[in-house]
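Chemist: quick one, what's the 3D model for this:
(one chain, ligands or ions: 2)
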Amino acid sequence: MTTGAQHILVTGGAGYIGSHTCKALAAAGYIPVTYDSLVRGNRWAVKWGPLEEGDLLDGERLREVMRAYGPVGVIHFAAFAYVGESMHDPLLYYRNNVAGTVSLLEAMAAERVGRLVFSSTCATYGVPPGNPIREDMPQAPINPYGQSKLMIEQVLKDCAATGTLAAVALRYFNAAGADPAGEIGEAHHPETHLIPLALAAAKGEAEPLTIFGDDQPTPDGTCIRDYIHVTDLADAHVRALGHTATNAGFAAFNLGTGKGASILDIIAATQRVTGRRVPHGYGPPRAGDPAELVADPSRAKAVLGWEARHSDLDTILSTAWNWMQRA
Ligand SMILES: NC(=O)c1ccc[n+]([C@@H]2O[C@H](COP(=O)([O-])OP(=O)(O)OC[C@H]3O[C@@H](n4cnc5c(N)ncnc54)[C@H](O)[C@@H]3O)[C@@H](O)[C@H]2O)c1
Ligand SMILES: O=c1ccn([C@@H]2O[C@H](COP(=O)(O)OP(=O)(O)O[C@H]3O[C@H](CO)[C@H](O)[C@H](O)[C@H]3O)[C@@H](O)[C@H]2O)c(=O)[nH]1
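Modeler: Ligands and ions are numbered 1, 2, ... in the order given. Predicted coordinates:
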């Protein structure tokens, strides 16, 4: 390598948050090497470094890629991430997410790669005792997706305790929005997330939005979430990677804004930003959905110097809408 730039292995780099993080890594002077099977990712989203196709469960292929690039660390996004799907097919989640991560950690140990940033989730908290949620509150997931991520956090703690791994778990709240320059954005197939579905309904390209439940214990009866811009998440990953360079052990950080928005708030913001109506109706609550999840992000600010800068609802919706117009 003539540049001397450090390589970072990015599992799931062809996915939504992974691709935005590759852009941020390149801007920070790293070379992101995407490792992705493309099972749920997009080849076109890999723009800031090489794509190496492979599955997490293929340990030999992982080792081959690590030997080829000599990454100084790994950012691990690759996983299945649909709460509803995990309720119907839990084994898919335990195999891909838990067994897949064990396979990755074995390859890292064999190739002596000792730094990891991991995509965890607010879904590990289950129904929290109160909001906003601090990192030291109990983690008691109510769906297999969240449980798979909590199991991985435990594996990371145990590996970090041996002194061979520095690991950071970033517990994101609800990722949303798109690259402000419009180069990449959210493109899940099928799409299940609220904001792209609300925008597609406004555009007339999807069914009217179904609001899951009108009788939640929240002021307007609909679920409250903490929506965090994907560009803010990408920035946090670069910072967390830096943290693993100088801090051994395991650390976890909540990534959110500290402010909740209900589904009706999202519909109102979507209508404001697009100037179009969002056709919608009500359906039953979705199994496995807590009523309210809002982050206390103060630890990430204190330790990583991170805070949300692009995550007001209008910026989230206008960047996502801009992306949807191009896509
Ligand atoms: N989107 C959110 O709101 C959110 C919130 C909290 C946590 N997370 C976590 O962040 C990560 C990224 O989420 P996303 O929304 O970008 O998901 P995504 O589905 O867009 O990206 C995941 C990527 O991982 C790849 N992948 C999956 N299994 C693989 C395997 N076995 N081997 C190789 N590649 C594999 C997919 O092809 C895809 O490109 C996930 O771990 C998810 O659990 C997401
Ligand atoms: O058609 C829809 C889609 C969603 N919702 C509601 O909108 C909110 C947001 O739903 P999303 O599916 O967009 O996201 P989740 O809140 O289910 O997010 C969960 O899954 C994500 C990954 O997909 C993250 O891991 C996150 O941490 C975890 O809580 C929820 O209250 C959901 O019930 C609807 O009412 N109608």
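
Chemist: pretty sure V127 sits against D289.
Modeler: No. Using Cβ atoms under 8 Å, V127 makes no contact with D289, being 9.8 Å away. Placement of C-beta: from N, CA and C, glycine included.

Chemist: and these two? which has more neighbours close in?
Modeler: Neighbour tally, V127 and D289, criterion other Cβ atoms under 10 Å: the higher count belongs to D289, 19 against 13.

Chemist: now that one: how far from L56?
Modeler: 27 Å (Cβ to Cβ, to the nearest Å).

Chemist: same thing with L304?
Modeler: Separation of L304 from L56 (Cβ to Cβ): 26 Å.

Chemist: who has more neighbours, those two?
Modeler: Neighbours were tallied for L304 and for L56 using other Cβ under 10 Å; the higher tally belongs to L56 (26 against 21).

Chemist: what's near enough to touch that one?
Modeler: Taking Cβ atoms under 8 Å, 6 or more residues apart in numbering, we find L56 in contact with T11, S37, L62, A78, N96, G100, T101, S103, L104.

Chemist: S318 - that's part of a strand, no?
Modeler: No. According to DSSP: H, G, I helix; E, B strand; the rest coil, S318 belongs to no strand; its state is helix.

Chemist: surely it touches G275?
Modeler: No. Using Cβ under 8 Å, S318 is not in contact with G275; the gap is 11.3 Å.

Chemist: surely A26 and V33 touch.
Modeler: No. Judged on Cβ under 8 Å, A26 makes no contact with V33 at a distance of 11.2 Å.

Chemist: return every residue with contacts to both of those two.
Modeler: Going by Cβ under 8 Å, 6+ apart, residues that sit against A26 and also against V33 are G49.

Chemist: between those two, which one's more packed in?
Modeler: V33 (25 against 16).

Chemist: packing partners of the worst-scoring helix or strand of the chain on mean pLDDT?
Modeler: In the chain, no helix or strand scores lower on mean pLDDT, DSSP states H and E than helix 83-88, which sits at a mean of 91. Counting by 3 or more Cβ pairs under 8 Å, 6 or more residues apart in numbering; DSSP states H and E, the packing neighbours recorded for helix 83-88 are helix 90-93, helix 144-161.
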